[in-house]
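Student: Predicted structure and sequence below. I'll ask about it afterward.
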Amino acid sequence: MDFSREPAHSDQLQVRKAHPWNAEPDVATLVEHPLTPEHLVYCRNHCPVEALDGSTFKITIDGLVQHAQAYTLADLAAQFPKKEIVAALQCAGNRRKTMQDRKHHDVEGVLWEEGTICNCRWAGVSMRELLLRAGAPAVAVGKKGEEQRMQSLHLCFASHAPCEDEDWFGASIPLAKVLDEEGDVLVAYEMNGRPLSPDHGYPFRVVVPGYTGARWVKWVDHISVAERESENFYQQRDYKVLPTKADKEDWWSKVPPILANPLNSVVAVVQFEPPRTLFVKGYAVRGPSGQVSRVEVSIDEGTTWRGTRITYQEGRWSWTLWEAVIGLPETYQGREGKIRSRAIDESGETQQPDMDWNLRGVSYSAVGEKEFRT
Ligand SMILES: Nc1nc2c(c(=O)[nH]1)N[C@H]1C(S)=C(S)[C@@H](COP(=O)(O)O)O[C@H]1N2
Ligand SMILES: [Mo]
């Protein structure tokens, strides 16, 4: 693969793999910003980052639609209203190292810590509008049968540039997520009010709020309504939570792809101030059953929990920042301890206390944990 044509990357990230470029920010720095500035946005690539020509690059929409269409960046901006969404983007491998350390069992993959997440303002075209314009099956909503069929269809995305495991990158999501007016799926061309940078997908990337990063295809050139999921390697043989007993990779076809992120939280900062005060900060991410409504922390291994103050949350899809000031009992003097965090969502789901090991170390979402010393 040719890495010599790559544009410059942020030098504020810790490199986990240089070729292709994979890097994440320090998590304590990350939570200082409600909206993640570009230089702190992690980069996860299975391919070299290309500098594409946004004046000629086209995105094609076809498959089970009435009129296939192709648009340049200028076409999209001129023909559709701009839609903006604040949403957290997170890699399925976020916290992979935490899983490996806690389970004392090696996992396969880039050993990400807890910084492969960002929270950005994405802008572009509503994928729903784009599909309605192309005459996707949604135009038949209301007709019985058609509606049912629509529920079983998929929207496939592709970027035709050679990757580590296949000569293109692809993903798919259920069409129902796209046609849901509250699904908020975009073909984005802006991040934080500026055109996407090459690292993050210039000129176009898919934004799928609430879903794992692998479905947010960068440099996307092809969108297709299909009867079946994407056949791509990264949909079929990666980004799946294999059962713990699967330590040989022959389980792929039996396990569904990861779609929604799991309900999660992480302790990013713990500061001790003598004689007995702890300042704690972290983030939480929503799962499939709703936005985070509460984050709690425990200093006694999860026996008792207390509330924290939510300092940032914006809409349905953002991450949640939280902090707490904890007065420690005198018995903590001169001791080491652990602070744990757990998120609770608006439907009452609570982040799981523990989670089984899986081969690829994906979707790790057991309670957050960080050590402190008094
Ligand atoms: N074309 C393409 N799109 C891609 C990837 C890739 O390697 N190639 N990586 C995916 C994964 S696994 C993640 S987590 C996100 C990362 O997006 P970012 O690098 O902008 O943070 O992009 C997704 N889209
Ligand atoms: Mo990812």
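Tutor: Noted; the coordinates are in hand. Ligands and ions are numbered 1, 2, ... in the order given.
Student: Now do the contacts for the closest residue to ligand 2 within the stretch 1-150 of the chain.
Tutor: Going by Cβ to the ion, ligand 2 is nearest to residue 91 of the stretch 1-150 of the chain, at 3.3 Å. Bear in mind the C-beta positions are built from the backbone N, C-alpha and C, glycine included. Counting by Cβ atoms under 8 Å, 6 or more residues apart in numbering, residue 91 makes contact with 42, 44, 112, 116, 117, 212, 213, 214.
Student: Give me the phi and psi angles of it.
Tutor: In terms of degrees, to the nearest 10, the main-chain angles of residue 91 are phi -80, psi 140.
Student: how far away is it from residue 313?
Tutor: Distance, residue 91 to residue 313, by Cβ to Cβ, to the nearest Å: 21 Å.
Student: same deal with residue 180?
Tutor: Taking Cβ to Cβ, one finds residue 180 at 21 Å from residue 313.
Student: got it, and residue 288?
Tutor: For residue 288, the distance to residue 313 - Cβ to Cβ - is 17 Å.
Student: Quick one: mean pLDDT for the helix or strand harbouring residue 225?
Tutor: Element membership for residue 225 (DSSP states H and E) is strand 222-226. Per-residue pLDDT over strand 222-226 has a mean of 97.
Student: in that strand, what's buried?
Tutor: 222, 223, 224, 225, 226 (16 or more other Cβ atoms under 10 Å).
Student: what do you get for stretch 96-107?
Tutor: Buried residues in stretch 96-107, defined by neighbour count with 16+ other Cβ under 10 Å: 96, 97, 98, 99, 100, 103, 107.
Student: now do stretch 320-332
Tutor: Buried positions in stretch 320-332, judged by neighbour count with 16+ other Cβ under 10 Å: 320, 321, 322, 323, 324, 326, 328, 332.
Student: Going by distance to residue 8, which of those residues wins?
Tutor: residue 321 (29.3 Å; Cβ to Cβ).
Student: Compare residue 288 and residue 313 (neighbour count), which wins?
Tutor: residue 313 (19 against 14; other Cβ atoms under 10 Å).
Student: Let me see the backbone angles for that one.
Tutor: Torsion angles, degrees, to the nearest 10, at residue 313: phi -160, psi 140.
Student: Who are the contact partners of it?
Tutor: 291, 292, 319, 320, 321.
Student: count of residues packed around the second one?
Tutor: In this case it means residue 292. 25.
Student: beta partners of it?
Tutor: Counting by DSSP bridges, residue 292 is bridged to residue 345.
Student: Can you convert the contacts of residue 91 into CSV and add a column each for neighbour count?
Tutor: Listed next are these as CSV, based on neighbours: other Cβ atoms under 10 Å:
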residue, neighbour count
42, 26
44, 24
112, 26
116, 27
117, 27
212, 24
213, 24
214, 22
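Student: want to try TSV for those, with distance to ligand 2, secondary structure and pLDDT as columns?
Tutor: Listed next are the contacts of residue 91 as TSV, based on distance: Cβ to the ion, whole Å; DSSP: H, G, I helix; E, B strand; the rest coil; pLDDT from 0 to 100:
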residue	distance to ligand 2	secondary structure	pLDDT
42	9	coil	98
44	5	coil	98
112	9	coil	98
116	7	coil	98
117	10	strand	99
212	7	coil	98
213	4	helix	98
214	5	helix	98
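Student: Could you list which of those also contact ligand 1?
Tutor: Among these, proximity to ligand 1 is found for 42, 44, 213, 214 (Cβ under 6 Å from any ligand atom).
Student: what about the second one, distance to residue 132?
Tutor: With distances taken as Cβ to Cβ, residue 44 is found 31 Å from residue 132.
Student: Please name the nearest non-neighbouring residue to residue 12.
Tutor: residue 39 (4.6 Å; Cβ to Cβ, 6 or more residues apart in numbering).
Student: That neighbour reaches residue 9, doesn't it?
Tutor: No. Applying Cβ atoms under 8 Å as the test, residue 39 and residue 9 come out as separate, 9.5 Å apart.
Student: Which one of those two is surrounded by more residues?
Tutor: residue 9 (18 against 11).
Student: Close to ligand 2: what parts of the stretch 1-150 of the chain are there?
Tutor: With Cβ under 5 Å from the ion as the criterion, the stretch 1-150 of the chain meets ligand 2 at residues 44, 91.
Student: helix or strand for the nearest residue to residue 100 once chain neighbours are set aside, which one?
Tutor: Computed as Cβ to Cβ, 6+ apart, the closest residue to residue 100 that is not its neighbour in sequence is residue 107, at 4.9 Å. Per DSSP H and E: residue 107 is located in neither a helix nor a strand.
Student: follow-up on the earlier one: just the ones of the buried residues of stretch 96-107 in helices?
Tutor: 96, 97, 98, 99, 100, 103 (DSSP state H).
Student: isn't the first one right next to residue 365, touching?
Tutor: No. In this structure residue 96 lies outside contact range of residue 365 using Cβ under 8 Å: 11.7 Å.
Student: so is the nearest residue to residue 17 once chain neighbours are set aside in a helix, a strand, or just coil?
Tutor: Distance criterion Cβ to Cβ, 6+ apart; nearest residue to residue 17, sequence neighbours excluded, is residue 110 at 5.4 Å. With DSSP: H, G, I helix; E, B strand; the rest coil as the basis, residue 110 sits in coil.
Student: give me every residue that touches residue 110.
Tutor: Residue 110 neighbours (Cβ under 8 Å, 6+ apart): 16, 17, 22, 44, 93, 96.
Student: For residue 361, see how far away it is.
Tutor: Residue 110 is 9 Å from residue 361, by Cβ to Cβ.
Student: Now list whatever residues contact both of the two.
Tutor: Any residue near both residue 110 and residue 361 by Cβ under 8 Å, 6+ apart counts here, and that gives 93, 96.
Student: give me the beta-bridge partners of residue 126?
Tutor: Counting by DSSP bridges, residue 126 is bridged to residue 186.
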